[in-house]
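Q: Provide a 3D model corresponding to the input given below.
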Amino acid sequence: MAEIGRFFDGPTYGAQEHAEFYQNFLSTGFFSGLNIVTSENMTVAVEPGSAFVEGHEYRNTSELLLTHAIASPTLDRIDRVIIRLDLAPDADRPLRAMVRSGLPASNPQPPELIRNGSIYELSLAQVRVIAGKSFIESHQITDERGNIDVCGRVYFPSKMTGQIDSIDVKGPSAIASDFADGFSRFYVSGAAQPSILQEWFNSLGVSPSDFGRNLDQLRVYVEVTANKTNTGIQTITIFDWTGSNQYKIYAVYKRASNSRTGATPWGKWHPQVFVVDEGENEYGHFIRYSNGVQECWCTPRGATVDVSSGSLFRSETETIPYPASFITSKPRHASVEVSSTLRWGAVTGTGDLTVLV
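A: As a prediction, the model looks like this:
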(Lines give C-alpha, C1' and ligand atoms only; values in the text may rest on other atoms or scores of the structure.)
Protein backbone atom coordinates (compact mmCIF):
# COMPACT_ATOMS: atom_id res chain seq x y z
CA MET A 1 0.00 0.00 0.00
CA ALA A 2 1.32 3.44 -0.91
CA GLU A 3 0.47 7.05 -0.25
CA ILE A 4 0.17 9.22 -3.34
CA GLY A 5 0.17 13.00 -3.47
CA ARG A 6 -0.13 14.93 -6.71
CA PHE A 7 0.19 17.28 -8.59
CA PHE A 8 3.35 19.25 -7.73
CA ASP A 9 6.05 21.16 -9.60
CA GLY A 10 9.01 19.02 -10.56
CA PRO A 11 7.76 15.44 -11.01
CA THR A 12 6.56 14.25 -14.41
CA TYR A 13 3.06 12.84 -14.48
CA GLY A 14 1.60 10.54 -17.11
CA ALA A 15 -1.80 10.62 -18.80
CA GLN A 16 -3.08 7.73 -16.70
CA GLU A 17 -2.37 9.61 -13.47
CA HIS A 18 -4.43 12.56 -14.71
CA ALA A 19 -7.19 10.18 -15.79
CA GLU A 20 -7.29 8.61 -12.32
CA PHE A 21 -7.62 12.08 -10.79
CA TYR A 22 -10.53 13.16 -13.05
CA GLN A 23 -12.41 9.94 -12.32
CA ASN A 24 -12.77 11.10 -8.72
CA PHE A 25 -15.49 13.56 -9.72
CA LEU A 26 -16.65 12.73 -13.26
CA SER A 27 -18.32 9.54 -14.47
CA THR A 28 -17.90 8.05 -17.92
CA GLY A 29 -20.50 9.23 -20.44
CA PHE A 30 -21.24 12.00 -22.93
CA PHE A 31 -21.29 15.73 -22.17
CA SER A 32 -23.23 17.02 -25.16
CA GLY A 33 -23.89 16.51 -28.88
CA LEU A 34 -22.55 13.38 -30.65
CA ASN A 35 -25.95 12.64 -32.21
CA ILE A 36 -25.84 10.14 -35.08
CA VAL A 37 -27.61 11.21 -38.28
CA THR A 38 -27.88 9.89 -41.82
CA SER A 39 -25.59 11.02 -44.61
CA GLU A 40 -25.19 9.39 -48.05
CA ASN A 41 -25.43 5.71 -48.98
CA MET A 42 -24.03 3.59 -46.10
CA THR A 43 -22.52 6.57 -44.31
CA VAL A 44 -23.68 8.16 -41.05
CA ALA A 45 -22.45 11.36 -39.43
CA VAL A 46 -21.41 11.99 -35.84
CA GLU A 47 -22.42 15.54 -34.94
CA PRO A 48 -20.04 17.78 -32.93
CA GLY A 49 -19.92 17.10 -29.22
CA SER A 50 -17.84 15.69 -26.40
CA ALA A 51 -17.64 12.75 -24.03
CA PHE A 52 -15.63 11.56 -21.04
CA VAL A 53 -14.29 8.00 -21.06
CA GLU A 54 -12.55 6.63 -17.97
CA GLY A 55 -10.81 9.92 -17.21
CA HIS A 56 -10.08 10.89 -20.84
CA GLU A 57 -11.84 13.57 -22.88
CA TYR A 58 -13.18 12.86 -26.37
CA ARG A 59 -14.14 15.88 -28.47
CA ASN A 60 -15.50 16.04 -32.01
CA THR A 61 -15.34 19.57 -33.44
CA SER A 62 -17.07 19.04 -36.79
CA GLU A 63 -19.34 16.54 -38.52
CA LEU A 64 -17.52 13.19 -38.68
CA LEU A 65 -18.49 10.68 -41.39
CA LEU A 66 -18.38 6.93 -40.68
CA THR A 67 -19.15 4.23 -43.23
CA HIS A 68 -20.93 0.93 -42.53
CA ALA A 69 -20.07 -2.29 -44.34
CA ILE A 70 -22.42 -3.28 -47.17
CA ALA A 71 -25.61 -5.09 -46.19
CA SER A 72 -26.11 -8.84 -46.37
CA PRO A 73 -28.31 -9.79 -49.34
CA THR A 74 -30.64 -11.89 -47.17
CA LEU A 75 -30.38 -11.01 -43.46
CA ASP A 76 -30.48 -7.81 -41.40
CA ARG A 77 -27.77 -6.94 -38.91
CA ILE A 78 -27.37 -4.32 -36.17
CA ASP A 79 -24.22 -2.20 -36.01
CA ARG A 80 -23.19 0.16 -33.26
CA VAL A 81 -21.57 3.59 -33.55
CA ILE A 82 -19.20 3.75 -30.60
CA ILE A 83 -16.50 5.78 -28.93
CA ARG A 84 -13.58 3.50 -28.10
CA LEU A 85 -10.82 4.12 -25.57
CA ASP A 86 -7.85 1.83 -26.29
CA LEU A 87 -5.02 2.04 -23.76
CA ALA A 88 -2.83 -0.55 -25.47
CA PRO A 89 0.71 0.86 -26.03
CA ASP A 90 0.51 0.14 -29.76
CA ALA A 91 -2.96 1.65 -30.25
CA ASP A 92 -2.92 3.86 -33.34
CA ARG A 93 -5.69 6.18 -32.07
CA PRO A 94 -6.33 5.77 -28.34
CA LEU A 95 -9.73 7.52 -28.36
CA ARG A 96 -11.98 7.69 -31.42
CA ALA A 97 -15.45 7.14 -32.86
CA MET A 98 -15.96 4.10 -35.06
CA VAL A 99 -18.49 1.58 -36.38
CA ARG A 100 -18.65 -1.90 -34.88
CA SER A 101 -20.52 -4.30 -37.14
CA GLY A 102 -22.96 -6.89 -35.86
CA LEU A 103 -23.66 -10.28 -37.40
CA PRO A 104 -26.42 -10.85 -40.00
CA ALA A 105 -29.21 -12.97 -38.49
CA SER A 106 -32.95 -13.59 -38.62
CA ASN A 107 -33.09 -11.97 -35.17
CA PRO A 108 -30.03 -9.70 -35.19
CA GLN A 109 -28.44 -8.41 -31.99
CA PRO A 110 -26.06 -5.46 -31.56
CA PRO A 111 -22.42 -6.31 -30.85
CA GLU A 112 -21.52 -6.49 -27.17
CA LEU A 113 -19.46 -3.56 -25.93
CA ILE A 114 -15.88 -4.31 -24.93
CA ARG A 115 -14.98 -3.14 -21.45
CA ASN A 116 -11.81 -4.63 -20.00
CA GLY A 117 -8.49 -3.46 -18.61
CA SER A 118 -7.35 -1.77 -21.81
CA ILE A 119 -10.48 -1.12 -23.92
CA TYR A 120 -13.63 0.76 -22.91
CA GLU A 121 -16.47 1.44 -25.37
CA LEU A 122 -19.49 3.77 -25.25
CA SER A 123 -22.38 3.27 -27.67
CA LEU A 124 -23.82 6.40 -29.27
CA ALA A 125 -26.38 4.60 -31.44
CA GLN A 126 -27.53 1.34 -32.96
CA VAL A 127 -27.93 1.23 -36.74
CA ARG A 128 -30.06 -1.51 -38.29
CA VAL A 129 -28.55 -2.44 -41.64
CA ILE A 130 -31.41 -3.85 -43.71
CA ALA A 131 -30.76 -6.80 -46.01
CA GLY A 132 -30.11 -5.80 -49.62
CA LYS A 133 -30.41 -2.07 -48.88
CA SER A 134 -27.61 0.25 -50.02
CA PHE A 135 -28.45 3.31 -47.92
CA ILE A 136 -29.40 4.19 -44.34
CA GLU A 137 -32.52 6.13 -43.31
CA SER A 138 -33.30 7.88 -40.03
CA HIS A 139 -35.73 5.20 -38.84
CA GLN A 140 -32.87 2.67 -38.88
CA ILE A 141 -30.96 4.63 -36.20
CA THR A 142 -31.67 4.13 -32.48
CA ASP A 143 -30.11 6.75 -30.20
CA GLU A 144 -28.37 5.13 -27.20
CA ARG A 145 -26.73 8.17 -25.62
CA GLY A 146 -29.33 8.29 -22.85
CA ASN A 147 -28.97 4.60 -21.94
CA ILE A 148 -26.77 4.50 -18.84
CA ASP A 149 -25.91 0.83 -19.41
CA VAL A 150 -24.13 1.59 -22.68
CA CYS A 151 -23.46 5.35 -22.49
CA GLY A 152 -25.37 7.87 -20.36
CA ARG A 153 -24.58 11.46 -19.48
CA VAL A 154 -21.51 12.49 -17.49
CA TYR A 155 -22.40 12.79 -13.81
CA PHE A 156 -20.92 12.11 -10.39
CA PRO A 157 -19.04 8.79 -10.28
CA SER A 158 -20.65 5.94 -8.36
CA LYS A 159 -17.93 5.95 -5.69
CA MET A 160 -18.93 9.53 -4.85
CA THR A 161 -22.71 9.02 -4.88
CA GLY A 162 -22.30 5.90 -2.75
CA GLN A 163 -20.64 7.98 -0.04
CA ILE A 164 -23.30 10.69 -0.35
CA ASP A 165 -25.90 8.11 0.70
CA SER A 166 -23.83 6.94 3.69
CA ILE A 167 -21.35 9.50 5.06
CA ASP A 168 -23.45 12.58 4.19
CA VAL A 169 -26.71 11.36 5.77
CA LYS A 170 -28.09 13.76 8.38
CA GLY A 171 -31.07 13.86 10.71
CA PRO A 172 -33.91 16.42 10.68
CA SER A 173 -32.33 18.46 13.49
CA ALA A 174 -29.37 19.40 11.28
CA ILE A 175 -29.71 23.12 10.56
CA ALA A 176 -29.22 24.70 7.13
CA SER A 177 -25.63 25.71 7.87
CA ASP A 178 -24.72 22.03 8.37
CA PHE A 179 -25.28 21.36 4.66
CA ALA A 180 -22.91 22.03 1.78
CA ASP A 181 -23.26 25.26 -0.14
CA GLY A 182 -25.34 24.77 -3.28
CA PHE A 183 -27.30 21.56 -3.84
CA SER A 184 -26.95 18.38 -1.77
CA ARG A 185 -29.01 15.25 -1.33
CA PHE A 186 -28.97 11.91 0.46
CA TYR A 187 -31.06 8.78 0.76
CA VAL A 188 -32.34 7.09 3.93
CA SER A 189 -33.48 3.46 4.02
CA GLY A 190 -35.96 2.18 6.56
CA ALA A 191 -34.28 -1.22 6.36
CA ALA A 192 -30.66 -0.07 6.69
CA GLN A 193 -31.10 3.12 8.77
CA PRO A 194 -34.39 2.70 10.71
CA SER A 195 -33.52 5.03 13.60
CA ILE A 196 -32.61 7.92 11.28
CA LEU A 197 -35.71 7.42 9.14
CA GLN A 198 -37.88 7.36 12.27
CA GLU A 199 -36.38 10.71 13.30
CA TRP A 200 -37.45 12.19 9.98
CA PHE A 201 -40.97 10.77 10.36
CA ASN A 202 -41.20 12.20 13.89
CA SER A 203 -40.16 15.59 12.54
CA LEU A 204 -42.89 15.40 9.88
CA GLY A 205 -45.50 14.17 12.36
CA VAL A 206 -46.27 11.05 10.33
CA SER A 207 -45.99 7.31 10.84
CA PRO A 208 -45.39 4.44 8.40
CA SER A 209 -48.87 3.21 9.31
CA ASP A 210 -50.28 6.41 7.79
CA PHE A 211 -49.23 4.96 4.46
CA GLY A 212 -50.22 1.40 5.30
CA ARG A 213 -46.58 0.26 5.33
CA ASN A 214 -43.87 -0.82 7.76
CA LEU A 215 -40.76 1.26 8.38
CA ASP A 216 -38.48 -1.17 6.54
CA GLN A 217 -40.63 -0.88 3.40
CA LEU A 218 -40.14 2.88 3.11
CA ARG A 219 -37.34 5.10 1.83
CA VAL A 220 -36.85 8.86 1.65
CA TYR A 221 -34.78 11.25 -0.43
CA VAL A 222 -33.76 14.49 1.27
CA GLU A 223 -32.68 17.32 -1.03
CA VAL A 224 -31.30 20.64 0.17
CA THR A 225 -30.68 23.82 -1.79
CA ALA A 226 -28.75 26.23 0.41
CA ASN A 227 -26.63 29.35 0.08
CA LYS A 228 -24.67 31.27 2.69
CA THR A 229 -26.59 34.46 2.03
CA ASN A 230 -29.98 33.24 0.80
CA THR A 231 -32.81 31.05 2.00
CA GLY A 232 -32.29 27.31 2.18
CA ILE A 233 -35.01 24.95 0.91
CA GLN A 234 -35.29 21.34 2.07
CA THR A 235 -37.47 18.74 0.34
CA ILE A 236 -38.20 15.21 1.55
CA THR A 237 -39.88 12.57 -0.62
CA ILE A 238 -41.34 9.44 1.00
CA PHE A 239 -41.70 6.43 -1.28
CA ASP A 240 -42.22 2.66 -1.24
CA TRP A 241 -39.35 0.27 -1.85
CA THR A 242 -41.39 -2.73 -3.02
CA GLY A 243 -41.86 -3.43 -6.70
CA SER A 244 -45.26 -5.01 -6.08
CA ASN A 245 -46.42 -1.61 -4.83
CA GLN A 246 -44.92 0.09 -7.91
CA TYR A 247 -42.46 2.12 -5.80
CA LYS A 248 -45.32 4.44 -4.95
CA ILE A 249 -44.60 8.01 -3.81
CA TYR A 250 -46.64 8.65 -0.68
CA ALA A 251 -45.79 12.20 0.32
CA VAL A 252 -43.59 15.21 -0.40
CA TYR A 253 -42.83 17.90 2.20
CA LYS A 254 -40.89 21.17 2.00
CA ARG A 255 -39.52 23.62 4.54
CA ALA A 256 -37.29 26.69 4.42
CA SER A 257 -34.66 28.46 6.48
CA ASN A 258 -33.75 32.14 6.44
CA SER A 259 -30.06 31.54 5.72
CA ARG A 260 -27.13 29.18 6.19
CA THR A 261 -25.33 31.51 8.57
CA GLY A 262 -25.31 30.91 12.31
CA ALA A 263 -27.82 28.59 13.94
CA THR A 264 -30.89 29.65 11.96
CA PRO A 265 -33.47 26.85 12.35
CA TRP A 266 -35.70 25.40 9.66
CA GLY A 267 -39.31 26.52 9.46
CA LYS A 268 -42.35 24.23 9.64
CA TRP A 269 -42.96 21.46 7.13
CA HIS A 270 -45.47 22.10 4.34
CA PRO A 271 -47.04 19.06 2.64
CA GLN A 272 -47.11 19.24 -1.15
CA VAL A 273 -50.36 18.04 -2.71
CA PHE A 274 -50.10 15.87 -5.82
CA VAL A 275 -52.15 13.22 -7.62
CA VAL A 276 -51.41 9.72 -6.31
CA ASP A 277 -54.02 7.77 -8.26
CA GLU A 278 -56.48 8.31 -11.07
CA GLY A 279 -58.84 6.00 -12.87
CA GLU A 280 -62.01 5.49 -14.83
CA ASN A 281 -64.60 2.72 -14.99
CA GLU A 282 -68.26 2.20 -15.87
CA TYR A 283 -69.34 4.33 -12.90
CA GLY A 284 -67.27 7.38 -13.79
CA HIS A 285 -63.89 8.99 -13.15
CA PHE A 286 -61.93 9.54 -9.91
CA ILE A 287 -58.79 11.34 -8.74
CA ARG A 288 -57.04 10.75 -5.40
CA TYR A 289 -54.63 13.29 -3.91
CA SER A 290 -51.76 12.91 -1.46
CA ASN A 291 -53.66 14.89 1.22
CA GLY A 292 -56.41 12.24 1.38
CA VAL A 293 -58.94 14.07 -0.78
CA GLN A 294 -60.75 12.08 -3.45
CA GLU A 295 -62.88 13.57 -6.22
CA CYS A 296 -65.40 11.54 -8.19
CA TRP A 297 -67.38 12.35 -11.31
CA CYS A 298 -70.18 9.83 -11.74
CA THR A 299 -71.50 8.62 -15.07
CA PRO A 300 -74.61 10.62 -16.05
CA ARG A 301 -77.95 8.84 -15.72
CA GLY A 302 -81.30 9.49 -17.36
CA ALA A 303 -84.98 9.16 -16.37
CA THR A 304 -87.72 9.07 -19.01
CA VAL A 305 -90.92 11.01 -18.30
CA ASP A 306 -93.95 9.91 -20.34
CA VAL A 307 -96.27 12.89 -19.80
CA SER A 308 -96.93 15.94 -21.94
CA SER A 309 -98.50 18.31 -19.41
CA GLY A 310 -98.82 18.89 -15.69
CA SER A 311 -96.21 18.31 -13.01
CA LEU A 312 -94.42 15.13 -12.14
CA PHE A 313 -93.26 14.19 -8.66
CA ARG A 314 -90.77 11.36 -8.63
CA SER A 315 -90.05 9.93 -5.19
CA GLU A 316 -88.16 6.76 -6.06
CA THR A 317 -84.58 6.31 -4.89
CA GLU A 318 -81.94 6.67 -7.57
CA THR A 319 -78.72 4.83 -6.70
CA ILE A 320 -75.60 6.33 -8.25
CA PRO A 321 -72.48 4.24 -7.48
CA TYR A 322 -69.18 6.07 -7.09
CA PRO A 323 -66.30 4.99 -9.35
CA ALA A 324 -64.06 4.50 -6.27
CA SER A 325 -64.75 3.85 -2.60
CA PHE A 326 -64.12 6.34 0.21
CA ILE A 327 -62.34 5.53 3.47
CA THR A 328 -64.98 7.42 5.47
CA SER A 329 -68.65 6.41 5.41
CA LYS A 330 -69.69 9.54 3.55
CA PRO A 331 -67.95 12.11 1.38
CA ARG A 332 -67.73 15.61 2.80
CA HIS A 333 -69.57 17.06 -0.15
CA ALA A 334 -71.79 15.67 -2.88
CA SER A 335 -73.61 17.63 -5.56
CA VAL A 336 -76.11 16.68 -8.25
CA GLU A 337 -76.73 18.54 -11.48
CA VAL A 338 -80.02 18.03 -13.33
CA SER A 339 -80.97 19.03 -16.84
CA SER A 340 -84.04 18.26 -18.93
CA THR A 341 -85.49 18.83 -22.37
CA LEU A 342 -88.93 20.29 -23.24
CA ARG A 343 -89.91 20.80 -19.59
CA TRP A 344 -88.38 22.18 -16.42
CA GLY A 345 -86.52 19.69 -14.23
CA ALA A 346 -84.98 19.86 -10.78
CA VAL A 347 -84.13 17.83 -7.70
CA THR A 348 -86.09 18.67 -4.55
CA GLY A 349 -86.66 17.01 -1.22
CA THR A 350 -86.74 17.56 2.53
CA GLY A 351 -84.65 14.60 3.64
CA ASP A 352 -80.89 14.12 3.78
CA LEU A 353 -78.98 13.26 0.66
CA THR A 354 -78.04 9.60 0.99
CA VAL A 355 -74.70 8.62 -0.50
CA LEU A 356 -73.95 4.95 -1.10
CA VAL A 357 -70.23 4.13 -1.26
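
Q: what number of residues lie near V129?
A: 23 (other Cβ atoms under 10 Å). Every C-beta, even on glycine, is put in place using the N, C-alpha and C of the backbone.

Q: what does D216 give?
A: Other residues near D216 come to 14 when the count uses other Cβ under 10 Å.

Q: What secondary structure category should be reported for it?
A: Under DSSP: H, G, I helix; E, B strand; the rest coil, D216 falls in the helix class.

Q: What's the separation between it and S207?
A: To S207, D216 is 14 Å away according to Cβ to Cβ, to the nearest Å.

Q: Then P108?
A: 54 Å.

Q: Compare neighbour counts for those two and give me the winner.
A: Using other Cβ under 10 Å as the criterion, P108 and S207 rank with P108 on top: 18 against 12.

Q: Touching, that one and R77? I think so.
A: Yes: taking contacts as Cβ atoms under 8 Å, P108 lies within contact range of R77: 4.9 Å.

Q: Could you tell me which residues touch both of these two?
A: Shared contacts of P108 and R77 (Cβ atoms under 8 Å, 6 or more residues apart in numbering): 102, 128.

Q: what residues go with each domain of the protein?
A: Dividing the chain into domains by automatic domain parsing, as the record does, gives the ranges 15-143, 165-272, 276-357.

Q: Go through those domains and name the closest to A2.
A: Of all the domains of the chain, domain 15-143 sits nearest to A2, with 13.0 Å by Cβ to Cβ.

Q: end-to-end on the closest one?
A: Using Cα to Cα, to the nearest Å, the end-to-end distance of domain 15-143 comes to 31 Å.

Q: And stretch 10-27, by the same measure?
A: OK, stretch 10-27 end separation, Cα to Cα: 29 Å.

Q: what does stretch 121-141 give?
A: The straight-line separation of the ends of stretch 121-141 (Cα to Cα) is 18 Å.

Q: which of the residues in that stretch are buried?
A: 121-129, 136, 140-141 (16 or more other Cβ atoms under 10 Å).

Q: can you list the weak-confidence ranges in the chain?
A: 1, 157-168, 180, 227-231, 259-262, 302-318, 328-357 (pLDDT under 70).

Q: So which residues of it form helices?
A: Ranges of helices in the chain, per DSSP state H, are 15-22, 158-164, 194-204.

Q: any chance of the ones you listed in JSON lines, with distance to F179 too?
A: As requested, the helices of the chain are arranged in JSON lines below (distance: least, Cβ to Cβ, whole Å):
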{"stretch": "helix 15-22", "distance to F179": "26"}
{"stretch": "helix 158-164", "distance to F179": "12"}
{"stretch": "helix 194-204", "distance to F179": "15"}
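
Q: Since that was my last question, I'll sign off now.
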